[in-house]
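> Predicted model, plus sequence, below.
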Amino acid sequence: MAEYTNKKYADLQPSCTVDSVIEKLSISNTHIFVVIAAALGFMFDSFDTYIVSYAMPSIIQEWNISPVVNGILQSTGLWGMFLGAILWGPITDKFGRKVGFIGTLLGFSLLTGLTALTNDVYTFGILRFVTGLCLGGMIPVDTALTSEYISTKHRGRFTSVLTVLWPVGMLIAAVLSLHYVTVYGWRVLFIAGVVPALLSFLIRWKVPESPRWLSSKGRLDETKEVLKKLGATEQDVANLELQPLTEEKAGIRALFEPKYLKRFILTAGYYFFGYFGYYGFLLWLPSILSSVYGLTMTKTFTYTLFVAIAAILGRATAFWTIERFGRKQLFYVGFGLGGVAALLFGLIQNPVLLVWGACLLSFLYEQGVAGTVVYTSELYPSHVRATATSWSTGAGRVSAALSPVLFGYFMQIQFYYGIYLTMAVFFWVAVALVFFLGPETKGKRLEEIGAA
């Protein structure tokens, strides 16, 4: 009788969902550890991406390569990142966020170490392409995982923490280049790239699987355990209901269904147009400073160090404004004003003004890039989030791979202003897409946005 009474009483209790439990939770040590691990993943991914551009002035001298070959070498890793992004998204949606996190991190760390052993253009290019397969998966996996732990109140800020660490990776690359590349050569950067592999072991034991992903897979007991690690009580999860198993198509085909097509055009579009100018400029910046403006290697790396600091300030500004003014303003300020700054930067000839112009440009466009990372993860539900983020960032990787080659051609024909004109136009197209197609997600639960 007592058993019947208890069962009847339990049946009368209101049910709850993963989303409703997460919304009630305060920030726990587990939340903080997940964000720290994910932010470090961003930082290491950034470091590994940018070391090629910092190595290039030395590689140009050692291997005597042309500007176009320089651009091709820089783009090989980005083509790998494109394929990696579209491969790791479905893998992560199927097998879990942790599998993607560990696999991408461990893969690009070890492959970067092998690149230090190369002695010719071809081997270098092949290894950078394979490394890119892992680098390209890190960002979409990282953002999908982080956004699925956090309540609406903290989601924007916590996800934007990841973006703040991105230019820190560039800063570390600049510092190492300034102090060690001029003494020991470019290979020291790739040897340092092995260090991130250590983080994968911490992730294996300390980062729990996404509760939203577990719920979408029907794994109720594991979902409850993760929620309790995040601070939920037994009472909070006693009547937990699984997220209904969706019968919608998963994978890339789902993104072309009417429900998601508009959003996919938006996210893939702003990644493509925003990243074209962003990566094209950043990957060429050390070579532009040394080749076009005739700066010494030491002064080139010093200038890029200041640019990296400005980038961190730009991301930190995005961290502060994102919950205050919303997601869309990051694009308007970052890419909108960034396009204006690019056109002005192209007119500078004075070396002193040059560094200030580069810093201003970096401060602005980093806010736009921060917007792409946070915004995308909020626009799709769990069963397609990693796939959608991966294919959207994949569009950005395609443009990032094309732009160094185009900018290299501009360098070769000495049409330097073409670089800045292209940046401005592409930035403004990204802004237009956000203005016309983008919903504001500030302060809205994932359920309200249609992305629970």
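That came through, no problem.
> Quick check, residue 374 in contact with residue 327.
Yes - between residue 374 and residue 327 there is a contact at 6.2 Å, judged by CB atoms under 8 Å. Bear in mind the C-beta positions are built from the backbone N, C-alpha and C, glycine included.
> Can you list the low-confidence ranges for the stretch 101-250 of the chain?
The stretch 101-250 of the chain contains residues with pLDDT under 70 at 243-250.
> Now do the strands for it: every range, in order, please.
For the stretch 101-250 of the chain, no strands turn up when DSSP state E, counting those that start in this stretch is the criterion.
> could you pull out the helices for it?
In the stretch 101-250 of the chain, the helices defined using DSSP state H, counting those that start in this stretch lie at 121-147, 152-176, 182-184, 187-192, 197-206, 211-216, 220-229, 234-237.
> packing partners for the third one?
Packed against helix 182-184, as judged by 3 or more CB pairs under 8 Å, 6 or more residues apart in numbering; DSSP states H and E, are the following elements: helix 297-325.
> Pull out the buried residues from the helix it packs on.
Across helix 297-325, burial judged by 16 or more other CB atoms under 10 Å covers 297, 299-319, 321-323.
> Show the average pLDDT along the helix or strand that that helix is followed by.
Downstream of helix 297-325, the next assigned helix or strand under DSSP states H and E is helix 328-331. In this model, helix 328-331 carries a mean pLDDT of 96.
> And stretch 286-300, by the same measure?
The pLDDT scores in stretch 286-300 average 81.
> Enumerate the positions of that stretch that are buried.
Under 16+ other CB under 10 Å, the buried positions of stretch 286-300 are 286, 287, 288, 289, 290, 291, 293, 295, 297, 299, 300.
> go on, stretch 429-447?
Neighbour-count burial for stretch 429-447 flags 429, 430, 431, 433, 434, 438, 439, 441, 442, 445, 446 (criterion: 16+ other CB under 10 Å).
> Next step: those restricted to helices.
Using DSSP state H, 429, 430, 431, 433, 434, 446 are the members of those that sit in helices.
> Quick check: neighbours shared by residue 374 and residue 327?
Listed contacts common to residue 374 and residue 327 are residue 156; contacts here mean CB atoms under 8 Å, 6 or more residues apart in numbering.
> Give the ranges of residues in the stretch 351-452 of the chain that sit below the confidence cut-off.
Along the stretch 351-452 of the chain, segments meeting pLDDT under 70 span 445-452.
> in it, which spans are helices?
Applying DSSP H, counting those that start in this stretch to the stretch 351-452 of the chain gives helices spanning 351-377, 382-412, 417-437, 446-449.
> Make a markdown table out of those and add distance to residue 75.
Output for the helices of the stretch 351-452 of the chain, formatted as a markdown table (distance: least, CB to CB, whole Å):
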| stretch | distance to residue 75 |
| --- | --- |
| helix 351-377 | 18 |
| helix 382-412 | 4 |
| helix 417-437 | 15 |
| helix 446-449 | 35 |
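> Of all those, which one comes closest to residue 159?
helix 351-377 (4.7 Å; CB to CB).
> What residues of the closest one count as buried?
Using 16+ other CB under 10 Å as the test for burial, helix 351-377 gives 354-355, 357-377.
> any idea which helix or strand comes after the host helix or strand of residue 45?
For residue 45, the host element (DSSP H and E) is helix 29-63. Note on helix 29-63: by DSSP H and E, the next helix or strand toward the C-terminus is helix 67-95.
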